[in-house]
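3D, please:
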Amino acid sequence: MEIERNRKMKCRIRKWELSDAKDLAAALSNKKVQDNLRDGLPYPYTEQDGKDFISAMLSADENEPFAFVITVGNMVIGSIGIFRQSNIHRLTAELGYYIAEEYWGKGIMTEAVRQICKYVFSESDIISIYAEPFAPNRASCRVLEKAGFQYEGTMRSNAVKNGKVLDMKMYSLLKQEIKG
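Take a look at the predicted model:
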């Protein structure tokens, strides 16, 4: 039964479509989801906010943000993106992601991270991808570890979220480390 359930939960990443805005708004209108993300997202997150974000991603240079929706079956459950840095860091990119709370702890995000990293390393000149989860977000740290990222260190008192000063952890994955 466990194998069957995991097979049903297989995720897929694909380019955004404007019709994804409603599901995007539903996932991001959850305070628990937003508590693990950087500031700047409106709360509650509306369908129009989703349309604005999706429009921006669709009109961006395809070699700058690599932005995808995460789906299970036909259901939009989250977002994942890799964002190219600039200047001396132009071959480096930052990874960001989230999924709706009801899909947490099912291995979906680890699979989505593997998919996007494999895609970006094969389709671009990016040589290093990094992520900086809040240190208390153990689940996100575990996702990165299971996806092959290496722990680089802790940036102490590096962020302020919801009025609290937080440490952030740094993880990275190099192009030559990707498997398959």
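
and the gap between Gln48 and Arg90?
33 Å (C-beta to C-beta, to the nearest Å). All C-beta atoms are positioned from the backbone trio N, CA, C, and that covers glycine.

after the lowest-mean-pLDDT helix or strand in the chain comes which helix or strand?
When each helix and strand of the chain is scored by mean pLDDT, DSSP states H and E, helix 2-8 comes last, with a mean of 42. Next along the chain after helix 2-8, taking DSSP states H and E as the criterion, comes strand 11-15.

please list all residues in contact with Glu111.
Glu111 makes contacts with Lys10, Cys11, as judged by C-beta atoms under 8 Å, 6 or more residues apart in numbering.

that one is in what secondary structure piece?
helix 108-123.

would you put the C-alpha positions of that helix in PDB?
What follows is helix 108-123, C-alpha atoms only, in PDB (Å, rounded to 0.1, in the frame of the first residue of the first chain):
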ATOM      1  CA  ILE A 108       7.500  15.500  -3.200                       C
ATOM      2  CA  MET A 109       9.700  18.500  -2.700                       C
ATOM      3  CA  THR A 110      12.900  16.400  -2.700                       C
ATOM      4  CA  GLU A 111      11.800  15.000  -6.100                       C
ATOM      5  CA  ALA A 112      11.000  18.500  -7.400                       C
ATOM      6  CA  VAL A 113      14.400  19.800  -6.300                       C
ATOM      7  CA  ARG A 114      16.100  16.900  -8.100                       C
ATOM      8  CA  GLN A 115      14.100  17.600 -11.300                       C
ATOM      9  CA  ILE A 116      14.800  21.300 -11.500                       C
ATOM     10  CA  CYS A 117      18.500  21.000 -10.600                       C
ATOM     11  CA  LYS A 118      19.000  18.300 -13.300                       C
ATOM     12  CA  TYR A 119      17.100  20.500 -15.800                       C
ATOM     13  CA  VAL A 120      19.100  23.700 -15.000                       C
ATOM     14  CA  PHE A 121      22.500  22.000 -15.100                       C
ATOM     15  CA  SER A 122      21.700  20.300 -18.400                       C
ATOM     16  CA  GLU A 123      20.000  23.300 -20.100                       C
END
